[in-house]
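Asker: how does the following fold in three dimensions:
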Amino acid sequence: MGLVYNRDMRLKWVGIIIVAGLVGMMALVCWAVLTFREPEYQGRTLGEWIQDFDGQTDSVAAQAFIALHKKSGRWVAVILRSRDNSLRTKLMLLLSKQSFVKIAMQPASTRQERMLYSLGAMGLEGDPAVLSALRDLVRDCPQRVSRENALFAINDLAGLGSNAIPILVEALGHPDSQVRAQAAEMLGTAPMSGGPEVMSALQRYAKDADPAMSAAATKSLALLQHRNDQHLPAAAMLVGNPSPSSGDEPVSVWGPGSGVRLINSSPLTFGGRWQAFFGEHKAWLTFLGGNPDGNVYFMEWETPSPVTVCAFGLVSANDGPRAHDPYMGAFRAFRLYARDDASQPYSLIYSEDFCVPVRVGAYFSVMFAFRNLEKPVTARQFRAEFVQNGNTPLHGPGIQEFLGFREQINPVVVKKAFEGLDANLLGSAKLIYGEDLLYHN
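Answerer: Coordinates of the predicted model:
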């Protein structure tokens, strides 16, 4: 009798333990689902918005990225860490050969590519989970990650801030020669890349046995040194107070309706109009491509009578990180000249080396460069030069508008300048600077 009782008690306790274990497992699963649920915006998941994103900053997808900014880092990292194993690959191949059951299975590489394309719009700079996932993605090339996605990741890292720079330095020793060379290229122009660690690493690889790697490291060293040595006017980016007449006069001394006339320019893409350079019809001026790295594009123009310029606004954009020909249409240096007439040589009135990508954070491929000159300049003829970064098989730099201001940068002038942008760039400006469009770069 006692033996039967003891056995029943043991069975009872075993049952209780099993039930408790199952309940605990279910609670753990529920907790994981609830705490790691894919972020949603307007009833759609982040993954669905990524599929819809077309690079346009005035799209709902772009608004979704900003709204989900603080929630999306871990989920982005999960997608970047996904890999296709041999079983999954064979299963997708078998499913593609039959027509009875249609199951949507997207390769991990495709999901990675879409995520890498969208990453520049998400503003996830400094996110440790995302940076760690990108580092592993580069490391896993070529065994488990394609070269194209590794190159895409390298180009994205250039716009993700100071914590991404060590990952690019590490990639200098990558076994794939193209990945190594691309990391060297990005370190030459990326924001926050001019520190001693980067310079020292590039100096070592400038002596590399691989000619492509040696050339890339040598060029990047020279670019960084030149950028580190530049001296901008002390008040170049100072935002001042508007004058009493700020809101009454045309925003630009050579804007639409000013009588500005083209003197000469580099070739434009088919159908391009030089007037777009000065903000006419919210159109783009795009220079013709097909030129090597370092090519200088230019525009020369004159006003009906001498004008005084105190500052300028330059709005531009490039094609973004992409796997091949990254940031096509970007320029890494800008120079502005002025003179009274053709009997005189041009005088340099402003020069600046820019980063490529332009900034750290969301929409790091879009440039809003508003700068004060060192002193007011009165002239009638002007010349702007843009030094191309990288090769441009399709097109050169694209300029939305280049404005000359009668007074120093101030909120009224900047807001009027933003009003001349097309919807896509206006969306970028609002996402970067806020709805009040108070420029603070």
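Asker: from Leu421, how far off is Leu403?
Answerer: From Leu403 across to Leu421, the span is 11 Å (CB to CB, to the nearest Å). No exception for glycine: its C-beta is placed from N, CA and C like everyone else's.
Asker: in contact with Arg144, which residues are there?
Answerer: Going by CB atoms under 8 Å, 6 or more residues apart in numbering, Arg144 touches 83-84.
Asker: ok, 10 Å please
Answerer: 83-85, 108-109, 136-137 (CB atoms under 10 Å, 6 or more residues apart in numbering).
Asker: out of these, who has the most neighbours?
Answerer: Leu137 (26 neighbours; other CB atoms under 10 Å).
Asker: quick one: buried residues of whatever helix or strand it lives in?
Answerer: Under the criterion of DSSP states H and E, Leu137 resides in helix 128-139. For helix 128-139, the neighbour count (16 or more other CB atoms under 10 Å) marks 129-131, 133-139 as buried.
Asker: then stretch 229-239?
Answerer: Buried residues in stretch 229-239 (16+ other CB under 10 Å): 235-237, 239.
Asker: and those as JSON lines, adding secondary structure and distance to Ala323?
Answerer: JSON lines is the format used below for the buried residues of stretch 229-239 (DSSP: H, G, I helix; E, B strand; the rest coil; distance: CB to CB, whole Å):
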{"residue": "Ala235", "secondary structure": "coil", "distance to Ala323": "40"}
{"residue": "Ala236", "secondary structure": "coil", "distance to Ala323": "35"}
{"residue": "Met237", "secondary structure": "coil", "distance to Ala323": "33"}
{"residue": "Val239", "secondary structure": "coil", "distance to Ala323": "38"}
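Asker: pull the most distant pair out of these.
Answerer: Ala236 and Val239 (11.0 Å; CB to CB).
Asker: where do the contact lists of those two overlap?
Answerer: 370, 372, 409.
Asker: among those, name the ones in strands.
Answerer: 370, 372 (DSSP state E).
Asker: got the buried residues for the helix or strand Leu403 falls within?
Answerer: Element membership for Leu403 (DSSP H and E) is strand 395-405. Judged by neighbour count using 16+ other CB under 10 Å, the buried positions of strand 395-405 are 395-405.
Asker: just how off-centre is that strand within its chain?
Answerer: 18 Å (CA atoms, centre = their mean, to the nearest Å).
Asker: helices or strands up against that strand?
Answerer: strand 285-288, strand 296-317, strand 331-339, strand 366-388, helix 411-418, helix 423-433 (3 or more CB pairs under 10 Å, 6 or more residues apart in numbering; DSSP states H and E).
Asker: tell me the contacts of the nearest residue to Ile66 once chain neighbours are set aside?
Answerer: With sequence-adjacent residues excluded and distances taken as CB to CB, 6 or more residues apart in numbering, Ile66 is closest to Leu431, at 5.7 Å. Residues in contact with Leu431 (CB under 10 Å, 6+ apart) are 57-58, 62-63, 65-66, 121, 123, 361-363, 366.
Asker: next one: Pro39
Answerer: 45-47, 49, 64, 67-76.
Asker: and these, which of them are buried?
Answerer: Looks like the contacts of Pro39 have 45-47, 49, 64, 67-68, 72-73, 75-76 buried, using 16+ other CB under 10 Å.
Asker: before we move on, back to that, what do Leu403 and Leu421 both touch?
Answerer: Common neighbours of Leu403 and Leu421 are listed as 279, 315 (criterion: CB under 10 Å, 6+ apart).
Asker: write the ChimeraX selection for whichever of the contacts of Leu431 are buried.
Answerer: Selecting only the buried entries of the contacts of Leu431 in ChimeraX, with 16+ other CB under 10 Å as the criterion:
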select :57,62,63,65,121,123,361,362,363,366
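Asker: right, I'll call it a day here.
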